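**Q** Using only what follows, build the 3D model:
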Amino acid sequence: MTASQRPVTASERALACHRAGDLVGAESAYREALAAAPDDPAALGGLGVLLVQTGRSQDAIAPLERAVEKAPADAQGQVNLGSAYAGTGRLPEAIAAFRRALMQAPDHRHGWRNLAMALLRSDRFDEAAVAIERLLKLAPDQAEPHRLAADLAMRRQRPADAARIYEQLLGREPGNARHEAGLAGALAAQGEFAAAAAHWRKAVSLAPDRAEYWNQLGTSCRASGDSSGAIEAQRRALALKPDHAAFHLNLGAALYDQGLIKEAMAAFRRAVELERSNALAWRNLGSALEMLGRNAEAANAYREAFALEPANATGQALLLTQLLQQCDWAGAAPLLARVAADTKSKLAQGRKPEETPLAHLSRSSDEAETLAVARAWVRQMQSRLAGARIARRTPDLDPDRRLKIGYFTSDMHDHPVAHLTVGLFEHHDRSAFELSIYSHGRVDASPWRRRAEAAADRFVNLHGLGQRAMAERVAADGIDILVDLNGHSSGAKMEALALRPAPIQALWLGYPGSSGADFIDYLITDIVATPPEAAADYSEALLWLPQVFQPNDDRQEIAAEATTRARWGLPADGVVFASLNQGFKIEPASFALWMGLLRELPRSVLWLRSPSAEMLANLRRAAVAHGVAQERLVFADRPEKPVHLQRLSLADIALDTWTYNGHTTTSDALWAGVPVITLEGSHYASRVSASVLRAIGLPELIAATPEDYRALALRYGRDASARAALKARLAANRKTMPLFDTARFTRNLEAGYRAIWRRHVRGTKPASIRLVEPTGAAASAVGAAMGEAEAFRHSGDRRKAIVAYRRALALDPADVRGQLHLADLLRTEGATGEAADRYREAAALDPSLAEAWGGLAAILAEGGPMAKHLDRCRDLAAGRMRLGAS
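**A** Numbers count the residues shown, from 1 in each chain. Below is the predicted model:
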């Protein structure tokens with residue numbers, strides 16, 4: 001019988017099938033061969049290799065171990081066994097097998113390659129470097145050793161070295177998708193996301209069927225601020241792999257960035273359906289639901305994430321925010337402690353805490369720590385934009401020309417920020433200022449949106465654009481001063497601001513704290529909300545407006561039709577306390593005090609807002625725990641704003657929240673004719689209502705302590721005539737005091753814009769500026785009012801003198817001696833909180849005024865409300881804090 005006539009053995013048939021790619025036939029033949037010769041090393045080895053190739057590394061180990069046992073000198077057999085070990089994660093055994101192979105065959109290239117890969121996976125980088133170096137000598141012209149060298153550089157946190165290797169490979173092999181992908185990954189690791197995206201685009205053009213390349217392109221586009229490109233790329237990835245949870249997650253993130261929240265929610269929900277154990281998907285779903293105002297659903301999503309990863313600090317912070325919004329104080333307490341500890345720990349390490357700056361200032365009055373949190377968030381955001389630039393026009397530096405003012409906001413719809421600002425927009429002096437409004441939030445048909453569109457010279461809808469595109473549009477319009485109305489609040493687009501689309505950028509209104517950003521030059525505020533001694537806790541220069549930082553709309557409509565308490569579930573003749581603030585602002589301590597008021601005033605009720613059934617149930621339980629029947633809490637829905645203002649007038653007294661005051665909530669109550677009692681705190685968020693009340697001429701409603709707050713509430717709760725007199729004063733002041741004088745406010749703000757522009761024109765750095773309102777024709781009225789105050793003071797009638805000084809200083813707050821004399825009188829009468837404010841006013845106007853510093857020092861020594869700022873007061877007194885003037 002000739003060789004050609006000899007029957008083909010099962011082992012030979014298996015090898016032929018294996019080489020031809022017929023893996024099913026090969027496996028059958030290998031098993032047939034082993035049935036006849038169980039110890040045949042060739043059949044054992046062939047079957048083991050096939051099993052590794054088909055993803056069955058665990059099954060491959062037994063035949064490969066037998067093959068090595070039967071042929072211990074076979075280097076390839078050791079390599080095959082090492083590959084099976086590596087495929088099951090048994091890396092130490094894999095490394096040992098590869099080393100045995102290389103002892104037998106020192107130039108075995110596959111052995112060196114597989115050893116290098118196993119060492120890299122084991123983080124044994126020095127040993128991997130030796131293996132890669134040997135492989136490079138054996139195969140210097142092959143790409144794989146160089147790719148392994150690049151992988152080693154990446155794992156050693158040397159992405160620049162990896163990028164150089166891939167650039168060299170592309171020089172030798174242009175048009176190679178793997179090399180383009182490798183270079184893109186190395187550039188992304190260096191924060192060069194735009195360049196990375198360009199190379200990912202080349203990779204997908206060369207390998208359009210690689211879903212992971214499209215996904216990585218989307219990731220780099222998103223990181224470079226190109227959310228439109230990210231969305232397109234993620235959709236291409238999903239077209240190739242529609243059931244890939246991570247791709248849906250990344251698509252949702254890009255949609256979220258672009259403000260397409262409903263679409264983002266759908267993508268996150270699909271990711272959760274595909275991978276219910278993905279905590280990040282649950283957290284992102286919760287964030288989208290929260291943005292849509294579906295807080296109860298958001299809380300449930302955060303709970304799912306927390307159950308999966310209870311130690312995850314991000315999940316803790318997100319869940320805490322929702323629990324506080326629902327007034328679930330028992331559930332929030334342990335998380336509050338953990339989040340606070342995480343924040344302190346990460347700040348100490350120079351890392352970004354997981355709680356947002358807004359969440360931090362909502363729970364803590366430590367402005368220095370809030371600034372540190374904000375700076376950490378900004379640093380991380382800026383790291384994603386490393387090297388990013390946009391073109392910007394060179395402005396005409398004429399100090400007196402018509403200025404281009406831009407307002408940048410997500411809230412130009414039915415939102416408190418729009419409620420406050422539309423009147424301002426309508427009052428801007430168009431001969432001196434060109435007004436642009438850049439709206440990057442949702443679009444609605446509300447009257448506030450329509451009024452803003454009509455008021456602006458240019459109303460630009462940026463909704464759905466990436467942040468780079470937003471910044472480029474602002475820059476193309478040649479804006480001189482860009483005013484951000486978001487800060488770190490919901491809907492913020494800080495990356496657009498970080499690209500510096502305008503030469504001067506300011507923060508105002510929407511966020512009661514510092515941005516912590518070097519690309520925000522000014523914070524627009526007033527002397528009450530952010531006193532001079534607090535300036536060290538702000539990264540911005542402070543632009544102090546006269547009287548008040550908060551604008552108001554003097555055209556705000558109140559429904560005309562009559563209403564009754566009965567319609568809203570309120571008692572016909574009992575005292576109605578109201579606090580229609582968001583749930584997260586209500587704290588256990590303030591709620592306990594409110595319940596004490598209800599106990600002392602048996603016919604009184606507390607009127608609260610009810611955004612969710614969970615908040616309602618939690619507050620009712622808390623009331624019962626304080627000995628108050630749950631029926632004495634009356635919950636309000638959210639009608640149209642004019643109807644809300646009309647019904648609000650039915651309340652007797654509004655009770656402000658403490659750590660985070662009402663802002664629009666406070667001014668709405670005052671506009672509706674309802675006095676507001678506030679507790680003046682020690683940081684911006686807790687001093688807003690004090691600022692507003694001073695601007696309406698009702699500083700006596702500002703309490704320095706919880707005890708004072710309680711006493712004020714009881715006084716007006718018990719004394720109907722005092723309430724009536726207070727409401728009458730409020731009604732009169734609404735027409736004459738600065739708070740609701742929109743035209744006057746606008747002129748003051750415009751003076752501020754002109755002052756910071758002139759400073760810019762002079763080439764000087766931003767510095768804090770205290771604006772003084774010009775008195776003009778009102779000087780005689782001021783003189784008369786001040787003369788009356790002086791007469792009362794000299795006659796010894798302190799109470800009348802205080803009233804007269806307040807009236808005079810409302811007309812001219814820059815009268816240094818008037819501020820000083822009023823402070824002295826208030827201190828004598830025990831009103832140390834307002835006295836401290838007046839001393840600070842006097843000292844800010846004239847830092848050399850020893851009497852002002854002496855009075856403030858005396859209050860501080862007595863433990864007054866601003867004691868925590870003692871060191872900063874000393875700095876100010878010593879002249880180390882420079883205040884500009886205009």
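
**Q** and T828, what is it in contact with?
**A** R798 (CB atoms under 8 Å, 6 or more residues apart in numbering). Glycine gets a C-beta too; all of them are placed from N, C-alpha and C.

**Q** Give me the pLDDT value at it.
**A** For T828, the pLDDT comes out at 90.

**Q** List phi and psi for it.
**A** Dihedral angles of T828 (phi, psi; degrees, to the nearest 10) stand at phi -60, psi -40.

**Q** can you tell me how far it sits from Y709?
**A** Distance, T828 to Y709, by CB to CB, to the nearest Å: 22 Å.

**Q** Please apply the same query to N733.
**A** For N733 relative to Y709 (CB to CB), the value is 21 Å.

**Q** Look at those two and report which has more neighbours.
**A** Y709 (24 against 18; other CB atoms under 10 Å).

**Q** Could you pull up the residues touching the more buried one?
**A** With CB under 8 Å, 6+ apart, Y709 has these contacts: L593, I677, T678, L679, A703.

**Q** buried ones in the helix or strand it falls within?
**A** Per DSSP states H and E: Y709 is located in helix 706-718. Of the residues in helix 706-718, D708, Y709, R710, L712, A713, Y716, G717 count as buried by neighbour count, 16 or more other CB atoms under 10 Å.

**Q** And the contacts of the helix or strand just after it?
**A** Remark: after helix 706-718, the chain's next helix or strand is helix 720-736, criterion DSSP H and E. Here helix 720-736 makes contact (CB under 8 Å, 6+ apart) with 652-653, 670-671, 673-675, 696-698, 715-717, 739-740.

**Q** Could you give the secondary structure assignment for L542?
**A** In three-state terms, and counting by DSSP: H, G, I helix; E, B strand; the rest coil, L542 is strand.

**Q** Leaving aside the residues adjacent along the chain, what's closest to it?
**A** In this structure, L542 finds its nearest non-sequential neighbour in S768, 4.3 Å apart by CB to CB, 6 or more residues apart in numbering.

**Q** Then L597?
**A** With CB to CB, 6+ apart, the residue lying closest to L597 is A713, at 5.3 Å.

**Q** pLDDT below threshold where in the stretch 751-886 of the chain?
**A** 774-784, 863-886 (pLDDT under 70).

**Q** can you pull out the helices in it?
**A** 779-795, 798-811, 816-828, 832-845, 850-861, 870-877 (DSSP state H, counting those that start in this stretch).

**Q** Can you say which of these is nearest to P357?
**A** Each of the helices of the stretch 751-886 of the chain has some distance to P357 by CB to CB; the shortest is helix 870-877, at 20.6 Å.

**Q** Measure how buried the closest residue to D554 other than its chain neighbours is and give me the count.
**A** Among residues not flanking D554 along the chain, T742 sits closest, at 4.4 Å (CB to CB, 6+ apart). For T742, the tally of surrounding residues (other CB under 10 Å) stands at 22.

**Q** do P588 as well
**A** 13.

**Q** sorry, back to before: the residue nearest to L597 and A578: what is the separation?
**A** Counting by CB to CB, the gap from A713 to A578 is 12 Å.

**Q** can you pull the pLDDT of the closest residue to V528 other than its chain neighbours?
**A** Closest residue to V528 in three dimensions, ignoring its sequence neighbours and counting by CB to CB, 6+ apart: S691, at 4.0 Å. pLDDT recorded at S691 is 98.
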